[in-house]
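# Just need the structure, nothing else, for what follows:
(2 chains)
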Amino acid sequence: MASRLRYWDIRHVSGEHTGIDIDNGEIESAGVTFFSKAIIRALGPRGWGIVAVSPFDPDDKGALRDYLLRAERAAVLTAEDVVLADAPDRKLLPVPPVNEDPTEIPLEEKGKLLMQITEAARVPGVLNTRGTYTERFEEVSLLDSTGYEASYTTCRSGFSVMAIAKQNGAMQMGYVRDHRIDGLNLRGRTDDGIRAGTRAVALLNARAAKGGRMRAVLDPELGGVFAHEAVGHASEGDLVKEGASVLKGRIGEVIGSPIVTIIDDPTLHAFGFEPVDAEGVAGKRTAIIEDGILKRYLHSRETLAAVGNGDAGHARAMPGDLPIVRMSNTYIAPGDARYDEMIEECRDGILLGGSRGGQVDPGRGVFQFNAEFGYLIEGGELTEMVRDVSLTGEILSTLYAISLCGNDLKMHPGYCGKGGQSVPVSDGSPHILLSEAIIGGSGDV
Amino acid sequence: MYKEIVTEIIETGLHSADEVEVALLTSESVSIEMKRSVPAHAGESFGSGLIIRVIDSGRIGSSGTSTIADWRVCLDSALSSAHLAEPVPWGGLPEPVPLKGDSLSFDDAVKTDPEIALSFCNRLLEGASAFPDAEVVGGGAGLSLGSVLLANSKGIWYEEDHTSVSASLETIADQSTGFEYDRSYSLDIDPFEIGRRAAELASTSRNGVPIETGTYDILLSPIAFSGLCATLLQSAVNGRSVHMGRSFLAEKLGEVIGADHLSVIDDPFYPGGLGSCRFDAEGVPTRKNIIIEDGILKSFVYDLKTAYRFGKESTGNAAHGGVAGGVSIGLHNMIFTAETMKEPGEGRCISINDVIGAHTANPLTGDFSVEVQNAFIMEDGICQHPVRKAMIAGNIFEMLGRITGMGPTPRRVGSVIVPPVRINGMRLIG
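Next comes the predicted model:
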């Protein structure tokens, strides 16, 4: 095939996406879409030529030749000297065993199960409920110019349930979601509906939080978002390579308290699991921070060659999109503190729980994320519930503020956006105590 | 060939359903992406998509596929999808009407030529060189062409073309970052100015000063304002959210919800608007919808299904992007206007170019607290000192009432068109 190419690869993903949308007790819509997309990367004398096609027919060899020629021509316009590091470990990790294959369950039955969860959210005070189910069955095939070929299938599925409570003109929402890679998760989950409904009602009586600097305890979900936003993104090798991360050039430096260890592990059987990454490299557990010291970056083959200090196997992509360096399953390693001990140690401050998402500017080193709810901590005890509370911080100083790590690590699934692509990830943490946090809220008292 | 398939899909679908609608979307693009200041990726893309909707006894089903040749699978899937959906009092797909003029967000001078993208990249870098202390982190430029064919069993056969031209640059100076971009349907973007502005933001945001927690007058750039307000306001005036009890504005039609000089219009014919189009995703001709006028909430927006269900009329706001290829409700071009201030930065205020975490605002109530990005202490329109770090907190709906005016020149941010917005009495946490 095309001869002046130093390397080429193809990632072809075909599959089906299923969705169900239940609004106030009625199936609003439910159905399936089909796709077959490929991304072809070709490394010319300098940089990458790239062709993205949808639909892609893997049996049409003539088309493939044409795409490679196009990619080769495109590559001529580039000027970056791209080098790929060796990443010899390319064996597929086994996909987690599936308890109940979602693709085998009729859409109608999935609709009924989702309806049960959604209806359970209708606790007294709740006026609107909504439930969504998403299922992504994907068949991934990889092929490259070294002769490497691999293919695997995954099925990620899950639901979210939302409840809206109303009282005297005020409205609040509660929201619970769960996504999995190891099978259908819709059975026996009505408690999640109740939890969403109860949260919405409780928030009606919660006050807006008052912002300022204070001690804070983060629950495992929010602690996970903290690991993801405050550390994970800044450790991505592409950002380090381009000079867009405050963690650039700090390998070996102490950047946080000695109890802080943060890991990204694509081999973990959680929502961000991948059998191999989007370049066909087997992922490995990468300890980004160990005992407060920055140890490793997350890499693709290209960023590993350019930056060093870390592991390839962290390149990920949406179907038909370019592999970029991403997190997979990111977490703060557990310590030995008990939850009640942490609340007591906090004394006066705030407990933050649940996540409405976050964002980071890794170059500036500033992150922000929002909790779904909070409780004031007064005299070492939880008191009043507060709402709409957020947290910001600076990457290089915040990690010193982690003064206790709990023993109750828990992972939470979600989706992470970067470069216009959204990929499944999980974040996790035990409860953690921050000796100082900048809390945002619109309350006055 | 595709056109024959569309006719065949409609004919076949009518054997099993009352009505059939087919949308055929195609796109192609080229782009150059820079890593630091060097072109690192040169890319092309080619895509197509088929979306089929069927309506049978008021049950709406849909499916989509990227492989048009597999349309029978897609049609079967749409038919089974209809079996599951709850029926609505459906009044039929629209009949064809003559559409006025040509495609609105289309410029035939736009070609998918990578050399144009490369020349834009060079202009970005030239612009950035005005601030040598700002390093380029990355950026790029791209051009794309797209087409939509919408046909239904009532005889609609509408076609529309779209073009898009975009460029962006990201910079850093010490630990201060800058980002600027623009996107247009024509070649009228100014990559030199985008590059210059990105570098200026990083360069001038260095050595930020702390500010005290307190109440400030602020000047939100079009980017910051649309990031905070546009998505939230869109979902609050979405007819489905309104009637399902999921909108903060549900019972406020006819009430004052903003400053008495604030107006928000959904204008699908706005010249140069990226969301401009003559028909919506269901083939309903688009129209200008006044959402807020003089601070008063005037109307909500609807697709056909929601309109039929709640005794309203479609406002031409159906959009692709619902579950399983179905439709959702969205605005086309969201135009914000208010009393024009010659100098919206008059007196003393905090000018905020962007925020971190706009999407974390409470989607129902509008409460938010986010970090400011490239913020400055401003006096009489001149940035005096950069702000090192601050959070801005408040409520988006309340904020609409505190708008004191807007600058003279609107800017497009995606499909939102708004000038800089002056808002008094906002809480900043230093």
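# how does chain A divide into domains?
When chain A is parsed with automatic domain parsing, its domains come out as A:7-204, A:208-442.
# any idea which of those is most buried?
domain A:208-442 (a mean of 22; mean count of other C-beta atoms under 10 Å in any protein chain shown). (Glycine included, C-beta is placed from N, CA and C.)
# Model confidence for residue 146, exactly?
The chain I'm using is chain A. In this model, A:T146 is scored at 96, pLDDT.
# To clarify, I was referring to chain B.
pLDDT, B:G146: 97.
# can you list the domains of chain A in TSV and add distance to B:M426?
Formatted as TSV, the domains of chain A follow (distance: least, C-beta to C-beta, whole Å):
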stretch	distance to B:M426
domain A:7-204	22
domain A:208-442	10
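# Around the residue of the stretch 201-350 of chain B found nearest chain A, how many other residues sit close by?
Nearest residue of the stretch 201-350 of chain B to chain A: B:A324, at 2.8 Å (C-beta to the nearest C-beta). Residues lying near B:A324 (other C-beta atoms under 10 Å in any protein chain shown) number 26.
# Apart from its neighbours in sequence, what residue is nearest the residue in the stretch 301-445 of chain A that chain B sits nearest to?
Relative to chain B, the nearest point of the stretch 301-445 of chain A is A:G440 (3.1 Å; C-beta to the nearest C-beta). In space, not counting the residues next to it along the chain, A:G440 is nearest to B:S369; the distance is 3.1 Å by C-beta to C-beta, 6 or more residues apart in numbering or on different chains.
# related to what we said a few turns ago, got a list of what the residue of the stretch 301-445 of chain A closest to chain B touches?
By C-beta atoms under 8 Å, 6 or more residues apart in numbering or on different chains, the contact set of A:G440 is A:209, A:211, A:368, A:389-392, B:369-371, B:391, B:393, B:429.
# In the residues you listed, find the pair that's most separated.
For the contacts of A:G440, the farthest-apart pair by C-beta to C-beta is A:A209 and B:E371; their separation is 15.7 Å.
# of the contacts of A:G440, closest to B:G407?
Minimum distance to B:G407 across the contacts of A:G440 is 21.7 Å, recorded for B:V370 (C-beta to C-beta).
# How about the secondary structure of the closest one?
strand (DSSP: H, G, I helix; E, B strand; the rest coil).
# Low-confidence stretches in chain B?
Per-residue confidence for chain B (pLDDT under 70) gives these ranges: B:1.
# could I get the one helix or strand A:G441 maps to in PDB with only the CA atoms?
Assigning secondary structure by DSSP states H and E places A:G441 in strand A:432-442. The C-alpha atoms that make up strand A:432-442 are tabulated as PDB, following Å, rounded to 0.1, in the frame of the first residue of the first chain:
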ATOM      1  CA  ILE A 432     -11.800  13.400  51.700                       C
ATOM      2  CA  LEU A 433     -11.300  16.300  54.100                       C
ATOM      3  CA  LEU A 434      -9.900  19.600  52.700                       C
ATOM      4  CA  SER A 435      -8.300  21.800  55.300                       C
ATOM      5  CA  GLU A 436      -9.200  24.800  53.200                       C
ATOM      6  CA  ALA A 437     -11.400  25.100  50.100                       C
ATOM      7  CA  ILE A 438     -12.900  28.000  48.200                       C
ATOM      8  CA  ILE A 439     -16.600  27.400  48.200                       C
ATOM      9  CA  GLY A 440     -19.000  29.200  45.800                       C
ATOM     10  CA  GLY A 441     -22.600  29.900  46.500                       C
ATOM     11  CA  SER A 442     -25.100  32.800  46.000                       C
END
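# strands paired with it, and their directions?
Strand A:432-442 has these partner strands in its sheet, going by DSSP bridges: strand A:210-218 (antiparallel), strand A:390-394 (antiparallel), strand A:402-405 (antiparallel).
# hmm, back to that, the residue of the stretch 201-350 of chain B closest to chain A touches A:F34, doesn't it?
No. Counting by C-beta atoms under 8 Å, B:A324 does not reach A:F34; the two are 10.4 Å apart.
# anything in contact with each of the two?
Common contacts of B:A324 and A:F34 (C-beta under 8 Å, 6+ apart): B:63-64, B:77.
# mind listing which of the residues you listed are in helices?
Members of these lying in helices (criterion: DSSP state H): B:S77.
# okay, the shared contacts of B:A324 and A:F34 in TSV with distance to chain A and neighbour count next?
Formatted as TSV, these follow (distance: C-beta to the nearest C-beta, whole Å; neighbours: other C-beta atoms under 10 Å in any protein chain shown):
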residue	distance to chain A	neighbour count
B:S63	5	28
B:G64	4	24
B:S77	5	27
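# Residues in contact with stretch B:8-27: which ones?
With contact meaning C-beta under 8 Å, 6+ apart, stretch B:8-27 is reached by B:2, B:6, B:45-57, B:61, B:68, B:71-72, B:75, B:78-79, B:82, B:92-93, B:144-154, B:281-283, B:320.
# what about 7 Å?
B:2, B:6, B:47-57, B:71, B:75, B:79, B:82, B:92-93, B:144-153, B:281-282, B:320 (C-beta atoms under 7 Å, 6 or more residues apart in numbering or on different chains).
# B:L149 and B:F376, how far apart?
B:L149 sits 48 Å away from B:F376, taking C-beta to C-beta, to the nearest Å as the criterion.
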